[in-house]
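A.B. asks: Following is a predicted model, sequence given first.
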Amino acid sequence: METAVTFTRLVMLTLVPYVLASQGTMLAGRAGVFNVAQEGIMLVGASVGFLGAYLSGGSLLQGMLLAMAVGGLFGLALAYFTTTLKMDQFVTGLALFFIGMALSTLLYRLAIGITLTPPLIPTLREIPLPGLSRIPLLGEVLFRQNALVYGAVLLSLALYLFLYSSGSGMALRAVGENPMAADSLGVNVTLTRYMTTIAGAMLMGLAGAYLPMVYTATFTEGMVRGRGWLSIALTFFGGWSPHLIFLGALFFAAVEVLAFRVQVTGVGIPYQLILMLPYLATMLVMMPTFRRLQVPAFLGKNYDRERRTLL
């Protein structure tokens, strides 16, 4: 029983970057902007988040805010190049991915340099919820977590209520389904795409900052380890719906934790094969669901308001 509780606690800790990055992808995609720069944005978010916390004397909040701000700048760039300049969304996203990947290392090297001992920051502490944390088993798993675990759960709930229970959410979904019709009804398509793309990228930056603040207490090159790419698959797997994305994140996180536990137990399996487990699981899960996937009708397409056409 103790092993099951520990495993579930680790799953809850591990799902946060998947939830944040995937919900950010979903948010922009619902407005028709397909962001594929997750990996790069998460890497630069991890670097900036770590540096912000380290250089401020251990302020994790400052690190998170800086990571979100940098992520927002990437989102602004993506929105400008695709929504205003009508450039290809996929190509622009890949360019931003490479920029983020290089910038993450450059900023760290400029601020810290090369050291034999990596600098460390404090990690996020558990925040037991009064009363609830004392519930047997359930309290230990769900109500003795850090602030971002609670935040990921509340974010998923808030996005679900926003998209399906509010007029603004319906307008947002209309932009991704048919921007011409939304425009004719008075919805500002350009503003909607800008806001959702920036907000989504901010969540990706925060997802990256979570890694050094919970897992390693320091920044290392390539520490995102494909979680950004997996978040794209998770968004498709979740049908671009916040609640299904959250459930999918639980599965992805469970596979990652399982791979880690198999690796540390010392079984006679090459560690390279163990590291492949999350990606193999992604392919196996996507295969039977691919034909039933539902995506926003105008995902990845730019809208020219003057011509009332899609590019």
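C.D. replies: Alright, I've got the coordinates. Numbering: from 1, shown residues only.
A.B. asks: so where is the protein shaky, pLDDT-wise?
C.D. replies: The chain contains residues with pLDDT under 70 at 1-2, 263-275, 286-292, 307-311.
A.B. asks: contacts for stretch 221-234?
C.D. replies: Identification of contacts with stretch 221-234 by C-beta atoms under 8 Å, 6 or more residues apart in numbering yields 17-18, 21-22, 25, 36-43, 46, 97, 104-105, 108, 204, 207-208, 211-212, 215-216, 245, 248-249, 252, 278-279, 282, 286. Using the backbone N, CA and C atoms, a C-beta is placed for each residue, glycine as well.
A.B. asks: out of the residues you listed, which are buried?
C.D. replies: Taking 16 or more other C-beta atoms under 10 Å as the criterion, what is buried in the contacts of stretch 221-234 is 17-18, 21-22, 25, 36-43, 46, 97, 104-105, 108, 204, 207-208, 211-212, 216, 245, 248-249, 252, 278, 282.
A.B. asks: Wait, Ile121 touches Pro212, no?
C.D. replies: Yes. When contacts are counted by C-beta atoms under 8 Å, Ile121 is listed as touching Pro212 (6.7 Å).
A.B. asks: What segments of the stretch 1-150 of the chain are helices?
C.D. replies: With DSSP state H, counting those that start in this stretch, the ranges of helices along the stretch 1-150 of the chain come out as 2-29, 38-55, 60-79, 89-111, 138-142, 147-165.
A.B. asks: Excluding chain neighbours, what is closest to Thr82?
C.D. replies: Computed as C-beta to C-beta, 6 or more residues apart in numbering, the closest residue to Thr82 that is not its neighbour in sequence is Gln89, at 4.8 Å.
A.B. asks: Check Ala182 too.
C.D. replies: Closest to Ala182 by C-beta to C-beta, 6+ apart is Ala174, at 4.1 Å.
A.B. asks: helix/strand/coil for that neighbour?
C.D. replies: Assigned state for Ala174: helix (three-state reduction, DSSP: H, G, I helix; E, B strand; the rest coil).
A.B. asks: and it, how many neighbours?
C.D. replies: Ala174 has 20 neighbours, counted by other C-beta atoms under 10 Å.
A.B. asks: Contacts only, for it.
C.D. replies: Contacts of Ala174 (C-beta under 8 Å, 6+ apart): 181-182, 185, 187.
A.B. asks: The same query, at a cut-off of 7 Å, please.
C.D. replies: Contacts were defined as C-beta atoms under 7 Å, 6 or more residues apart in numbering; by that measure Ala174 touches 181-182, 187.
A.B. asks: now Leu172
C.D. replies: 30-31, 163, 192, 196.
A.B. asks: May I see those residues organised as TSV, with distance to Arg9 added?
C.D. replies: Below are those laid out as TSV (distance: C-beta to C-beta, whole Å):
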residue	distance to Arg9
Arg30	32
Ala31	35
Leu163	30
Thr192	38
Thr196	33
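A.B. asks: Show me the two of those that sit farthest apart.
C.D. replies: The largest separation in the contacts of Leu172, counting by C-beta to C-beta, is between Leu163 and Thr192 at 12.7 Å.
A.B. asks: which of the contacts of Ala174 lies closest to Ala69?
C.D. replies: Comparing those against Ala69 with C-beta to C-beta places Val187 closest, at 27.4 Å.
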